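Engineer: Provided below are the primary sequence and the corresponding predicted coordinates.
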Amino acid sequence: MAALVLAAHTISPAARFKDATAVAFIALLLGIPMIGLTTVDQGGALRVATRWPTLFAFVAVAFAGRLILRYGIDQFKARQLTRERAEAAVAPVGGRAGSPLLTWVGWAALGIAVALPIFFSDNRYVVDTATTVLIYVMLGWGLNVVVGLAGLLDLGYVAFYAVGAYTYALLATQFGWGFWQALPVAGGMAATFGVILGWPTLRLRGDYLAIVTLGFGEIVRVILVNWTELSGGPNGIASIPRPSFFGLELKPPGDDPTFASFFGIEYSPSHRIIFLYYLILVLALITNVFVSRMRKLPIGRAWEAMREDEIACKAMGINARNVKLSAFAIGAMLGGFAGVFFAARMGFISPESFTFSESAIILAIVVLGGMGSQLGVVLAALVLVLLPELGRDFAEYRMLLFGAAMVLIMVWKPGGILAHREPTMRYVAEGEDR
């Protein structure tokens with residue numbers, strides 16, 4: 001059986017040769033101006049010189065490399081499929097049991113996250129980077145509701161991030177609201193914008209839905225740039241208040257009670273950095289618990305059913321309109337919460353912080369992590385945030401290495417880092433342990 005599966009899912013040598021030839025031809029076209037032709041100084045004048053042997057060597061390496069890579073990918077996919085079919089054949093009727101390894105990985109990650117500021121309290125760079133990772137984890141979990149669970153491709157998710165940030169910035173600077181007062185209002189405002197986006201897109205699917213959401217994100221950014229009376233335009237909004245610890249400001253001691261004076265400790269600038277880290281950690285954990293519980297409710301099961309087959313859901317009487325709007329609203333609300341924290345952390349926001357590239361990164365986190373996987377989003381956020389940081393020593397090649405790493409991840413795990421999702425509901429046969 002294994003041999004039959006390998007044979008059925010392995011590309012023939014002729015097809016591999018054709019694919020490698022096409023890659024070599026592309027390498028030849030790109031290599032002629034970049035490798036085959038060069039300029040040399042001859043008597044004070046430039047002339048064109050050729051390097052055909054070097055070019056042919058480059059094309060040969062591209063051809064051979066593509067052959068080897070294609071063969072390795074085919075063998076890996078075929079053997080992976082064989083293993084999955086073998087596991088499915090011996091699985092119990094009730095479905096796979098939850099992986100204890102993933103459970104332990106999740107708890108270990110939580111323990112590391114809680115202890116990180118204790119061991120790196122004097123290293124602001126590490127704590128700041130970890131805070132950024134948690135912001136993207138929270139954004140990824142929010143978008144995961146829309147893309148991973150409901151199956152609605154959203155390319156303008158950064159718009160809700162911006163709505164939350166600007167709502168808090170305006171409430172705090174114009175009306176004196178605090179962080180905790182503005183947090184639910186900003187989340188509600190972002191959810192309202194999610195419904196506004198979702199309503200006209202109810203009949204759209206796939207690429208058409210993606211184009212509309214992309215346009216919505218750009219509309220929000222353009223409004224923020226041009227409506228200077230409200231958003232400050234390109235100059236943004238500055239002097240946004242930082243969150244306090246139950247009314248105690250994390251600043252040097254003064255006339256008013258502060259965090260350091262209340263607890264009788266020496267003030268340190270790291271207090272605010274560590275407090276912001278634990279704040280976003282708590283918000284992210286609340287988001288995780290909220291999304292996990294929502295998946296087990298009827299609305300969560302409706303999201304997943306809608307993702308699998310919308311026509312069948314409608315035939316069974318599920319209100320597709322309300323299901324889609326709820327996914328847009330809840331995902332937007334979580335993005336708005338993350339935007340509030342971002343504004344409070346930075347103390348300054350501008351439209352340049354909410355461009356399409358941010359939406360692309362958040363979507364990449366969801367896709368690379370495995371759509372619908374909570375732990376996968378965490379792993380993908382770590383990869384996408386830490387890779388550019390680790391590659392800073394490579395200067396101009398940093399983003400090239402970052403892109404290559406993303407391609408390798410998708411080749412290695414086409415369905416995402418954690419493509420397997422535990423079913424929300426599992427059938428248990430009579431007499432079987434639950």
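Structural biologist: Cool, the structure landed.
Engineer: Tell me who's in contact with L230.
Structural biologist: L170 (CB atoms under 8 Å, 6 or more residues apart in numbering). C-betas here are computed from N, CA, C, even on glycine.
Engineer: The residue lying closest to A64 once chain neighbours are set aside sits in which helix or strand?
Structural biologist: Excluding the flanking residues, the one nearest A64 by CB to CB, 6 or more residues apart in numbering is A20, at 7.7 Å. Assigned by DSSP states H and E, A20 belongs to helix 13-31.
Engineer: tell me which strands and helices that helix is in contact with?
Structural biologist: If contacts are counted by 3 or more CB pairs under 8 Å, 6 or more residues apart in numbering; DSSP states H and E, helix 13-31 sits against helix 52-90.
Engineer: Give me the angle between the helix it packs on and helix 13-31.
Structural biologist: Interaxial angle of helix 52-90 relative to helix 13-31 (axes from the mean of the first three to the mean of the last three CA atoms, to 10 degrees): 140 degrees.
Engineer: Tell me which other helices or strands helix 52-90 touches.
Structural biologist: Under the contact criterion of 3+ CB pairs under 8 Å, 6+ apart, helix 52-90 touches helix 2-8, helix 13-31.
Engineer: Which of the ones you listed comes out lowest on mean pLDDT?
Structural biologist: In terms of average pLDDT, helix 2-8 trails the rest of the helices and strands packed on helix 52-90, at a mean of 47.
Engineer: In the helix or strand containing V40, which residues are buried?
Structural biologist: Take DSSP H and E as the rule and V40 turns out to sit in strand 37-42. Buried residues in strand 37-42, counted by 16 or more other CB atoms under 10 Å: none are found.
Engineer: Direction included, what does it pair up with?
Structural biologist: If you go by DSSP bridges, strand 37-42 pairs up with strand 45-50 (antiparallel).
Engineer: Touching the partner strand from outside, list them.
Structural biologist: With CB under 8 Å, 6+ apart as the test, strand 45-50 has contacts from 36-40.
Engineer: And the residue lying closest to L285 once chain neighbours are set aside, how far from F245?
Structural biologist: Nearest non-adjacent residue to L285, counting by CB to CB, 6+ apart: L110, 7.8 Å away. Using CB to CB, to the nearest Å, we find L110 at a distance of 22 Å from F245.
Engineer: what's the neighbour count on the residue nearest to L67 when sequence neighbours are not counted?
Structural biologist: Distances taken as CB to CB, 6+ apart put A20 closest to L67, at 4.5 Å, once the chain neighbours are dropped. The burial count assigned to A20 is 20, neighbours taken as other CB atoms under 10 Å.
Engineer: Which stretches in the stretch 201-350 of the chain count as helices?
Structural biologist: Along the stretch 201-350 of the chain, counting by DSSP state H, counting those that start in this stretch, helices occupy 206-226, 228-231, 259-263, 270-296, 298-308, 310-315, 320-346.
Engineer: quick one, the helix or strand harbouring the residue nearest to L285 and helix 270-296 angle?
Structural biologist: Here L110 sits within helix 100-119, counting by DSSP H and E. Between the axes of helix 100-119 and helix 270-296, defined by the same axes, to 10 degrees, the angle is 160 degrees.
Engineer: Name the next helix or strand following helix 100-119 along the chain.
Structural biologist: Immediately after helix 100-119, counting by DSSP H and E, sits helix 124-144.
Engineer: and that next one, C-alpha only, in PDB?
Structural biologist: The C-alpha coordinates for helix 124-144 follow below in PDB (Å, rounded to 0.1, in the frame of the first residue of the first chain):
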ATOM      1  CA  ARG A 124      15.100  46.400  27.500                       C
ATOM      2  CA  TYR A 125      15.600  45.100  24.000                       C
ATOM      3  CA  VAL A 126      14.500  41.500  24.900                       C
ATOM      4  CA  VAL A 127      11.400  42.700  26.800                       C
ATOM      5  CA  ASP A 128      10.500  45.200  24.000                       C
ATOM      6  CA  THR A 129      10.800  42.500  21.400                       C
ATOM      7  CA  ALA A 130       8.700  40.100  23.400                       C
ATOM      8  CA  THR A 131       6.100  42.800  23.800                       C
ATOM      9  CA  THR A 132       6.000  43.200  20.000                       C
ATOM     10  CA  VAL A 133       5.600  39.400  19.600                       C
ATOM     11  CA  LEU A 134       2.600  39.400  22.000                       C
ATOM     12  CA  ILE A 135       1.000  42.300  20.100                       C
ATOM     13  CA  TYR A 136       1.200  40.200  16.900                       C
ATOM     14  CA  VAL A 137       0.000  37.100  18.700                       C
ATOM     15  CA  MET A 138      -3.100  39.000  19.800                       C
ATOM     16  CA  LEU A 139      -3.700  40.400  16.300                       C
ATOM     17  CA  GLY A 140      -3.200  36.900  14.900                       C
ATOM     18  CA  TRP A 141      -5.700  35.400  17.200                       C
ATOM     19  CA  GLY A 142      -8.200  38.100  16.200                       C
ATOM     20  CA  LEU A 143      -7.700  37.600  12.500                       C
ATOM     21  CA  ASN A 144      -7.800  33.800  13.100                       C
END
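Engineer: Mind listing what's buried along the helix or strand immediately after that helix in the chain?
Structural biologist: Following helix 124-144 in sequence order, the next helix or strand is helix 158-175 (DSSP H and E). Buried positions in helix 158-175, judged by neighbour count with 16+ other CB under 10 Å: 158-173.
Engineer: Show me the shaky parts of the stretch 1-150 of the chain.
Structural biologist: 1-11, 84, 86-99 (pLDDT under 70).
Engineer: cutoff 90 now
Structural biologist: Residue ranges of the stretch 1-150 of the chain with pLDDT under 90: 1-20, 23, 27, 29-55, 62, 65-110, 113, 117-125, 148-150.
Engineer: and the most centrally placed residue in the chain, how far is that from L384?
Structural biologist: Note on the chain: the residue nearest the mean C-alpha position is I365, at 2.4 Å, using CA atoms, centre = their mean. In this view, I365 and L384 are 6 Å apart by CB to CB.
Engineer: F259 is in contact with L250, isn't it?
Structural biologist: Yes. Contact criterion CB atoms under 8 Å: F259 and L250 qualify, at 4.8 Å.
Engineer: Which neighbours do those two have in common?
Structural biologist: 244, 271, 275.
Engineer: Out of those residues, which comes closest to V61?
Structural biologist: F275 (53.1 Å; CB to CB).
Engineer: Would you mind finding the most buried of the helices and strands packed on helix 52-90?
Structural biologist: Using mean count of other CB atoms under 10 Å, the stretch among these with the greatest mean number of neighbours is helix 13-31 (a mean of 15).
Engineer: buried stuff in stretch 318-326?
Structural biologist: Applying 16+ other CB under 10 Å to stretch 318-326 flags 318, 323-326 as buried.
Engineer: got the residues you listed as a markdown table, with pLDDT and distance to M406 columns?
Structural biologist: Below are these laid out as a markdown table (pLDDT from 0 to 100; distance: CB to CB, whole Å):
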| residue | pLDDT | distance to M406 |
| --- | --- | --- |
| I318 | 86 | 36 |
| V323 | 89 | 32 |
| K324 | 89 | 29 |
| L325 | 91 | 32 |
| S326 | 92 | 31 |
